[in-house]
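sequence first, predicted coordinates after that:
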Amino acid sequence: MSYSLTSSCNAPRKGLRDFIVDNAAPCGYISTQREHFTNYKPVTDSSSIGGIASDRVKIEGRGDIRLKTAAGRELVLKDAAYVPKSIANIFSVRKAMKALGGSGQYVEGERTAKITFDGEVLATATDRKGFLYLDLHHEQDFR
């Protein structure tokens, strides 16, 4: 499922725990929240991403994001982009599948999705108002 991220009344949520699962995002992982990042480094050039509300949006920095999924697994989103003006936090299925290699699989159902590695569920996602959101563990903390 691929979503058009426009600034409409159905715009996605971008709270601290909201990551939209996007299987078409060519730009990788994106976060609007600085507190998501470990080993954060500011970007000093004019790097930007496109495709969000048809405008280019500046990448302010890069780093890793540690997520604890509802499946009880920890995922490390390597080299994620900090884009405070993005309209959503993005979990890139394309980048995750590349990182998992040939043993990773993304399966999308009617209103859910899951990511597996060697047959074991790493993460699930659930539809909320037309967007698939990554299901995070209730103890997920970004401190």
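Done, it's in. These numbers come from a predicted model, not from an experiment.

need the nearest residue in space to the most centrally placed residue in the chain, chain neighbours excluded.
Closest to where the C-alpha atoms of the chain average out (CA atoms, centre = their mean) is F91, at 1.7 Å. Closest residue to F91 apart from its sequence neighbours, by CB to CB, 6 or more residues apart in numbering: F19 at 4.4 Å. C-beta here means a position set from N, CA and C on the backbone, and glycine is covered the same way.

tell me the phi and psi of the one you found?
phi -120, psi 120 (degrees, to the nearest 10).

N23 too?
phi -90, psi 10.

residues contacting the nearest residue to it once chain neighbours are set aside?
Of all residues not flanking N23 in the chain, V93 sits nearest, at 3.9 Å (CB to CB, 6+ apart). By CB atoms under 8 Å, 6 or more residues apart in numbering, the contact set of V93 is 21-23, 25, 106, 115.

try N39
Counting by CB under 8 Å, 6+ apart, N39 touches 63-64.

give me the pLDDT for it.
On pLDDT, N39 comes in at 94.

hmm, back to that, distance of the residue nearest to the centre of the chain relative to R62?
F91 sits 16 Å away from R62, going by CB to CB, to the nearest Å.

C-terminal to the helix-or-strand element of the chain with minimal mean pLDDT, what's the next element?
When the helices and strands of the chain are scored by mean pLDDT, DSSP states H and E, strand 48-52 comes last with a mean of 73. Along the chain past strand 48-52, the next helix or strand (assigned with DSSP states H and E) turns out to be strand 55-58.

where does this structure dip in pLDDT?
Scanning the chain for pLDDT under 70 picks out the ranges 1-15, 51-54, 143.

switch the cut-off to 50
The chain contains residues with pLDDT under 50 at 1-9.

just the strands in it please.
Assigned by DSSP state E, the chain shows strands spanning 20-22, 30-31, 37-42, 48-52, 55-58, 61-68, 74-82, 90-92, 104-108, 112-117, 120-128, 131-134.
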